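A.B. asks: 3D, please:
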Amino acid sequence: MPLRHRFRYRTYQWLVDVDRLPRRRFSAKDHLGLGPSLRDNVATFTAAQGVQLRPDDRVLMLANARSPFGFVFDPLSVFWCLSSTGELRCVVLEIHNTYGERHAQLARPDAAGRFTLPKQFYVSPFFTVDGRYDVTLRLDADHVSVAIDLVQHECRVFSAAFTGQPRPATRRAVLKAALLTPFVTYQVWALIRMHGVALWLRRLPVIHRDPHIPPEGVR
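C.D. replies: Prediction:
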């Protein structure tokens, strides 16, 4: 029998241009590599995957910001790489697990924002590194969303989705978001562990984890 477990929470993320990052909220070392800038890290990774970013390309990132105490945890960060005319060149999905490892994959969505990627990274302790991700992304002026289904043996075994409305990061908007969802990056970190313990107590088997070797362009 499949074990069903669902939850839904209020949260928020930042949608930012990597060339115009808010001060003290983002660090290059939190994403992909150890280069001098976040854009350099993205460009290094995409080049290793066969996509050379041009100087006038724009890169938008959907991710969690660092807390006032410097902590950040991003299960999934999404990078949209756009030409100077707004054409989507590729997207990069960067995944962090709770074991301090990270992985990234490049994709080219279709016109509807859909694409498929093979599962290559140990994320949940309850799933093997097998199967595929069916992903749908949406990014426009009034809506941003990320939906991911994990498919194993042609069965959907896990689904996750984030949806929101982009708003200018005014002081009032940032304060309101922080008051409605305080310490958001700690919340994400804690909730993942809480639900993991709940599933373990329901006797869901834990899958052995082998050490991860990041792909070229990721450290």
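A.B. asks: contacts only, for residue 111.
C.D. replies: Contact analysis of residue 111 by C-beta atoms under 8 Å, 6 or more residues apart in numbering lists nothing. Where C-beta positions appear, they are placed from N, C-alpha and C, glycine not excepted.
A.B. asks: tell me which stretches of this structure form helices.
C.D. replies: Here the chain has its helices, by DSSP state H, at 38-48, 171-180, 184-201.
A.B. asks: for the lowest-mean-pLDDT helix or strand in the chain, which outside residues touch it?
C.D. replies: In the chain, no helix or strand scores lower on mean pLDDT, DSSP states H and E than helix 171-180, which sits at a mean of 88. With contacts defined as C-beta under 8 Å, 6+ apart, helix 171-180 is touched by 10, 12, 167, 184.
A.B. asks: now a ChimeraX select for only the buried ones of these.
C.D. replies: Selection of buried members from the contacts of helix 171-180 for ChimeraX, criterion 16 or more other C-beta atoms under 10 Å:
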select :12,184
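A.B. asks: low-confidence regions, the protein specifically.
C.D. replies: 1 (pLDDT under 70).
A.B. asks: contacts only, for the spatially most central residue of the chain.
C.D. replies: Centroid-nearest residue in the chain, with C-alpha atoms, centre = their mean: residue 76, separated by 1.7 Å. Residue 76 is in contact with 93, 94, 95, 96, 146, 148, counting by C-beta under 8 Å, 6+ apart.
A.B. asks: so what sits opposite the third one in the bridge?
C.D. replies: Counting by DSSP bridges, residue 95 forms beta bridges with residue 76, residue 103.
A.B. asks: show me what contacts it?
C.D. replies: 75, 76, 102, 103, 104, 121, 123.
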